[in-house]
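>>> Return atomic coordinates for the entry below.
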Amino acid sequence: MSKNYVIGFPRIGEQRELKKILEKFWAKETDFSEVEKTASELKARHWNYQKEAGIEFIASNDFSLYDNMLDTAVMLGAVPARFKGLENETLYFSMARGNKEAVAMEMTKWFNTNYHYIVPELNKEDSYVLNASKIINEYKEAKAQGITTKINLIGPITFLGLSKRVDRGDTYEFFGKILPLYEQLIKEISLLDESVTVQIDEPVFVKDIEPKVLSLIKPCYDALCTAADNVNIIVTTYFEHSSEATRVLVHTPVWGIGLDFLYGEKNIGSLEAIAKSGKKLIAGVLDGRNIWKNDIAATVAMLEKIAADVAKENIIVSTSSSLLHTPFTLKYEEKMDTEIKNWLSYAVEKLEELNLITKTFFGEPLSETEQQALQANQAANQSRRTSSLIHNTSVQQRIASISKFERDGTYEERIAIQHDVLKYKPLATTTIGSFPQTQEVRKARREFKNGTIDETQYTKEMQHYIDDCVAFQEECGIEVLVHGEPERNDMVEYFGEQLKGYGFSQNGWVPRS
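Reported below is the predicted structural model:
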C-alpha cells in the first residue's frame with residue numbers, strides 16, 4: 001500500500017465556525033460547552049475529510065482553540081505568574097488575550113508565514129508539570145471515529161527556541177527541565193495503542209542553527225525514542241532546508257524525518273544520508289502554503305528524482321508544511337471567475353491532489369474519476385501557463401517602452417516647488433488618510449453591493465460623509481485635507497478591484513493566530 005501524509009490540517013472550519021463560536025463565547029453570548037461541541041464537530045469532520053481522500057497519516061492534536069504553541073505551554077505548565085490561580089478555559093484564553101488584571105502574552109510571526117503564535121514565557125523560578133489530557137483525549141476521539149491518528153507535538157527544542165526568558169537568560173538552559181516532561185509524555189502516549197506514531201515538529205532546525213542547538217538534537221531524540229518501544233517518532237521540519245540538523249538526526253533512533261523539498265531545495269543533499277540510515281522519508285512535495293493547483297506531473301518527477309537515492313518503500317508522500325496556511329475549501333467560492341477558480345486548490349482540494357500524486361508515483365491503478373481528475377489537473381496548469389488573464393502583452397509592451405525609472409528633479413527641487421505652489425508651512429499638519437467608518441457608511445456600502453440602492457444614492461451618501469470629514473478638518477485647522485476614504489472597505493481590495501490581474505475570494509480565509 002502506498003503511503004501519504006498530511007503534516008497538519010486547518011482548524012478554522014469551512015465557514016469559519018471556530019472563529020464564530022469563539023467570538024460568541026468571548027462576548028458572553030454562549031457558554032464554553034458550545035465551544036467544545038463545535039470543536040468536536042470540526043475535528044471529526046476534518047479527520048473524515050482526510051480519511052475519505054485516502055490519506056494514511058492523519059494528525060490529531062493539530063487542532064487548537066487558539067494556538068499550538070500556547071497549547072504546548074499549557075501542556076508543560078509554563079504559565080506566567082500573573083495568570084496563576086486561573087484554571088481551564090479562563091486560564092487558557094487569559095494567557096492568549098489578557099484580562100482586566102493581566103496583559104496577554106506576546107505574539108509574533110511563525111517563521112516567514114503570516115500566522116502569529118503565542119510566545120511562551122519561561123522563568124527559572126517556575127516548576128513545570130505535564131498535563132497531557134488534550135493530546136490523549138483527541139487521540140481517543142479520533143479512535144472512536146475509526147481513525148488511528150499520528151499525534152502532533154511541537155518539539156522541545158523548537159519550544160525552547162521560540163520562547164522567551166522573563167529573567168533575560170537563555171531559554172535553552174531549560175532543556176534539562178523540559179526534556180523529562182517530553183519523555184513522560186511519550187510514555188503516556190505509548191499506553192494508547194499497540195503502536196503509536198508521533199510527529200514532532202522542529203522548524204527551528206531550518207534557521208541558521210547554532211552549535212549549541214545542534215548539540216541538543218542527539219541527546220534529545222536518543223532519550224525520546226527510547227522512552228517507549230512502541231512509539232514511532234517522526235521529526236518534521238518545514239519552510240526551508242534543515243541539512244545541518246538532518247546530519248545529526250540520521251544518527252538517532254527516530255523512525256522518520258520530514259523534509260520540505262519545495263522551500264528547502266538543499267534538502268536534496270540529505271538524501272544519501274537518509275538512504276543509508278534506512279529511515280522513512282516524509283517527502284514534503286505538495287505545497288502547504290500556496291493556493292495554486294499542484295502540477296502533479298512535475299511533482300511525480302520530483303519524487304522520482306528523490307527515489308533515485310531513497311528506496312520507494314521508505315518514501316511517504318507529504319505536504320510541505322501544515323495546510324493551516326491555506327484557505328479551507330473552494331466549495332463556497334461562488335462569485336470567483338471560473339477560469340481563475342480552476343487554477344486554485346485550497347486545503348480540502350489539496351487532499352485529493354496528494355492522493356493522486358501518491359497513486360501515480362507508486363504506480364497504483366487510478367479509477368476513471370481519478371484519471372479524469374489527473375487530466376483536469378494537466379489542463380488547469382496549462383491554462384494558467386498561457387492565459388491572457390496572467391500574460392497581458394499590452395502591459396509587457398508598456399513596461400518595455402519605459403525609458404527611465406527615476407523621477408524628474410531631486411527631492412530638494414521638488415519640495416521647494418510644492419511649498420511654493422501649495423503654500424504649505426515647513427511642517428504641514430495632516431492625517432494618515434482614512435476616517436472611522438460609521439454604521440451609516442457601512443450600511444450604504446452593503447446596500448449598494450446588494451443592489452438595494454443605486455449608484456446615484458450611494459454616491460450621495462459618500463459625498464455627504466466626505467463633506468462632514470472636510471468640515472471637521474477645517475474646523476481643526478488641518479492644512480492638508482483628506483476625504484476620509486468612506487468608499488473603501490479595505491485599501492488593498494479597493495485598489496485591486498480597479499486593476500486587471502486581480503481576483504477576489506469570498507472564502508479565502510486563513511488564520512493569523
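>>> Gln184 looks like it's in a helix, true?
Yes: under DSSP: H, G, I helix; E, B strand; the rest coil, Gln184 sits within a helix.
>>> Pull the contacting residues for it.
Residues in contact with Gln184 (C-beta atoms under 8 Å, 6 or more residues apart in numbering) are Leu130. Where you see a C-beta, it was placed from the backbone N, CA and C, and this is true even at glycine.
>>> swap the cut-off to 10 Å and go again
For Gln184, the contacting residues are Val129, Leu130, Ala132, Ala227, by C-beta atoms under 10 Å, 6 or more residues apart in numbering.
>>> Just send those residues back as TSV, with neighbour count and distance to Glu313 too.
Output for the contacts of Gln184, formatted as TSV (neighbours: other C-beta atoms under 10 Å; distance: C-beta to C-beta, whole Å):
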residue	neighbour count	distance to Glu313
Val129	12	42
Leu130	16	36
Ala132	19	33
Ala227	19	27
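>>> Closest one of those to Ala275?
Of all the contacts of Gln184, Ala227 has the smallest distance to Ala275: 26.7 Å, by C-beta to C-beta.
>>> Can you read off the pLDDT for the residue nearest to that closest one when sequence neighbours are not counted?
Once flanking residues are discounted, Ala227 sits nearest to Ile186: 4.0 Å by C-beta to C-beta, 6 or more residues apart in numbering. pLDDT recorded at Ile186 is 99.
>>> which ones are touching Ile186?
Contacts of Ile186 (C-beta under 10 Å, 6+ apart): 132, 151, 153, 196, 198, 200, 223-228, 231, 233.
>>> before we move on, what about Pro511?
Counted by C-beta under 10 Å, 6+ apart, Pro511 has contacts 10-12, 16, 18-19, 64, 66-67, 114-116, 324-325.
>>> sec struct for it, please.
Applying three-state DSSP: Pro511 is coil.
>>> Can you give me the pLDDT of it?
The model's pLDDT for Pro511 equals 93.
>>> ok, it to Ala27 distance?
Going from Pro511 to Ala27 by C-beta to C-beta, to the nearest Å gives 19 Å.
>>> Got the phi and psi for Glu36?
Backbone torsions for Glu36, taken as degrees, to the nearest 10, come to phi -60, psi -40.
>>> So it sits against Glu141, correct?
No: the pair Glu36 / Glu141 is not scored as a contact, 11.2 Å apart, by C-beta atoms under 10 Å.
>>> Comparing these two, which shows the higher neighbour count?
Taking other C-beta atoms under 10 Å, Glu36 and Glu141 do not tie; Glu141 has more neighbours (18 against 13).
>>> so is that one in a helix, a strand, or just coil?
What three-state DSSP gives for Glu141 is helix.
>>> Once you drop chain neighbours, what's closest to it?
Using C-beta to C-beta, 6+ apart and skipping the chain neighbours, the partner closest in space to Glu141 is Lys43 (6.3 Å).
>>> In terms of helices and strands, where is that neighbour?
helix 32-52 (DSSP states H and E).
>>> roughly how far out does that helix sit from the chain middle?
19 Å (C-alpha atoms, centre = their mean, to the nearest Å).
>>> Could you do stretch 416-424 as well?
Distance of stretch 416-424 from the chain centroid (C-alpha atoms, centre = their mean) equals 48 Å.
>>> So what's the residue count around Ser190?
Residues within reach of Ser190, counting by other C-beta under 10 Å, total 17.
>>> which residues sit in contact with Leu185?
By C-beta under 10 Å, 6+ apart, the contact set of Leu185 is 75-76, 130-132, 135-136, 151, 153, 156, 198, 224, 227-228, 231.
>>> Can you name the element that comes right after the helix or strand hosting Lys443?
Secondary-structure element containing Lys443, defined by DSSP H and E: helix 439-450. Sequence-wise, the next helix or strand downstream of helix 439-450 (DSSP H and E) is helix 455-476.
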